[in-house]
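1. I need the structure of the sequence given here:
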Amino acid sequence: MLQSGNVEQKTEECLSPHHQDSGVTKLAPSLSSDSQEKSSTMVLPSTHSLRLKYMSLGVLVLQTTSLVLTMRYSRTLKEDGPRYLASSAVVSAEVLKILACTLLVLSENNFSVRAMNQLLKEEIVNKSVETMKLAIPAGIYTLQNNLLYVALSNLDAATYQVTYQLKILTTALFSVSMLGKKLGLYQWLSLLFLMAGVTLVQWPTESEGDSEQKVLSAGSQFVGLMAVLMACVSSGFAGVYFEKILKETKQSVWVRNIQLGLFGFVFGFLGMIMYDGQRVRESGIFQGYNKITCTVVVLQALGGLVIAMVIKYADNILKGFATSLSIIVSTVISYFLLQDFNPTSVFFLGAVLVIAATFLYSYKCQPANGSTIKV
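-> Residues are numbered from 1 along each chain as shown. So this is what the prediction gives:
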């Protein structure tokens with residue numbers, strides 16, 4: 001449930017590497033040689049940081065693309081038995097996420113079970129008011145995860161990937177209204193590009209086939225579009241709300257995710273009983289599960305945690321590259337392997353606008369005189 005679009009943007013470091021005091025050059029030769037040795041050792045960390053950035057880029061692209069494509073493939077795969085329940089997959093992902101975060105908290109406490117139990121009791125049970133605040137974003141995240149299954153059951157991966165970037169718009173608007181953030185001129189322009197690009201991607205095109213098939217296709221696309229739009233709104237609100245809570249309290253992000261997971265499990269289980277209770281009683285919770293389904297559950301559960309761990313090495317430009325590459329890879333695989341997508345010139349134009357918007361939104365205009373411009 002941690003998503004890259006919901007993490008607060010990091011400020012860019014623009015200081016020159018030669019900002020040291022000029023008086024250093026007047027030191028004794030022995031001291032200057034020491035400084036040269038120190039400067040030579042600084043090359044390794046910078047090279048290591050560069051490698052971590054490119055590894056982060058690969059991980060972000062792999063996680064984003066693989067989740068969308070495997071989820072789409074699992075929802076369109078034709079099998080003899082019953083298809084797996086989306087609500088069951090959401091509940092399974094929450095359980096897996098709780099277990100993963102528990103292991104991470106255990107590692108932070110030097111693998112001391114007693115220290116971990118004391119920490120969880122202090123942060124979750126004793127601070128019940130703070131814990132209850134997370135019920136709202138947890139419920140919204142659970143709704144969002146179910147909506148993503150609905151969306152990818154009705155939209156191809158490429159169209160979904162581009163349309164889902166509207167979460168940038170909803171996150172920006174909620175950040176302005178709830179956190180009082182100010183957007184710059186380039187960010188407002190990027191939001192306009194984003195809306196124009198998504199509109200072009202969703203623009204209806206002439207398709208071959210009989211009229212009944214066209215009506216069914218249009219109806220399915222409309223359901224998928226509504227699911228994506230609702231997921232974007234819920235993602236934006238829940239992300240900003242969660243960011244506000246993190247700013248108010250100093251707590252491990254893994255503990256927060258355990259709290260979110262507990263509420264998510266409860267809400268997801270109740271939703272599964274309400275909407276799929278009859279099918280669960282007939283064929284069980286894990287009906288239709290296979291290797292693809294298990295892969296989807298693992299990617300959904302651990303995807304946000306992976307992003308949270310690598311995001312500190314990925315700046316805004318790198319995240320823009322990851323989004324762009326993910327859209328391109330999803331488009332290529334949808335066309336050549338899944339064969340459920342026929343790109344048009346209008347789609348390509350819209351995709352280019354969305355990709356440009358992701359870069360423009362993270363661009364920060366910094367005047368040479370050091371002054372800032374607020375719009």
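2. Can you give me the distance of the closest residue to L155 other than its chain neighbours to A158?
-> Closest residue in space to L155, ignoring its immediate chain neighbours: G224 at 3.6 Å, by CB to CB, 6 or more residues apart in numbering. For glycine as for every other residue, the C-beta is placed from the backbone atoms N, C-alpha and C. With the distance defined as CB to CB, to the nearest Å, G224 ends up 12 Å from A158.
3. surely L143 meets S235?
-> No - applying CB atoms under 8 Å, one finds L143 not in contact with S235, separated by 10.0 Å.
4. Please identify which of the two sits among more neighbours.
-> Neighbour count, other CB atoms under 10 Å: between L143 and S235, S235 has more, with 26 against 18.
5. any idea what sits nearest the more buried one, other than its immediate chain neighbours?
-> K167 (4.5 Å).
6. does the one you found count as helix, strand or coil?
-> helix (DSSP: H, G, I helix; E, B strand; the rest coil).
7. mind checking how far it is from T358?
-> Applying CB to CB to K167 and T358 gives a distance of 11 Å.
8. list the residues that contact both of these two?
-> Common neighbours of K167 and T358 (criterion: CB atoms under 8 Å, 6 or more residues apart in numbering): none identified.
9. ok, which stretches of this protein are helices?
-> Assigned helices in the chain, in chain order: 29-41, 43-76, 86-108, 113-120, 128-132, 135-154, 157-163, 167-178, 185-201, 211-248, 253-283, 291-310, 316-333, 345-362 (criterion: DSSP state H).
10. Give me the angle between the longest one and helix 167-178.
-> Read that as helix 211-248. Orientation check (axes from the mean of the first three to the mean of the last three CA atoms, to 10 degrees): helix 211-248 against helix 167-178 gives 40 degrees.
11. got it, and the third one?
-> For helix 86-108 against helix 167-178, the angle between stretch directions is 70 degrees (the same axes, to 10 degrees).
12. Which positions within helix 86-108 qualify as buried?
-> Residues 86-98, 100-102, 104-106 are the ones in helix 86-108 that count as buried (16 or more other CB atoms under 10 Å).
13. so where's the stretch 1-150 of the chain shaky on pLDDT?
-> Flagging of the stretch 1-150 of the chain using pLDDT under 70 yields the residue ranges 1-46.
14. Can you report how many residues lie near F222?
-> Counted with other CB under 10 Å, F222 comes out at 12.
15. How about the one 5 residues further on?
-> Under the neighbour criterion other CB under 10 Å, A227 is assigned a count of 23.
16. mind checking how far it is from S190?
-> For A227, the distance to S190 - CB to CB - is 24 Å.
17. what's the answer for Y160, then?
-> Counting by CB to CB - Y160 and S190 are separated by 20 Å.
18. Neighbour count for G224 and A158, which is higher?
-> Set side by side, G224 and A158 show more neighbours around A158, with 27 against 22, by other CB under 10 Å.
19. Leaving out sequence neighbours, find the closest residue to that one.
-> T331 (4.1 Å).
20. cool, Y275 as well?
-> Using CB to CB, 6+ apart, the nearest residue to Y275 is S87, at 6.2 Å.
21. same question, F193
-> A357 (4.0 Å).
22. Contact partners for the one you found?
-> Residues near A357 by CB under 8 Å, 6+ apart: Q165, I168, S190, L191, F193, L194, G197.
23. what do you get for V95?
-> Here V95 is in contact with G261, F265 (CB under 8 Å, 6+ apart).
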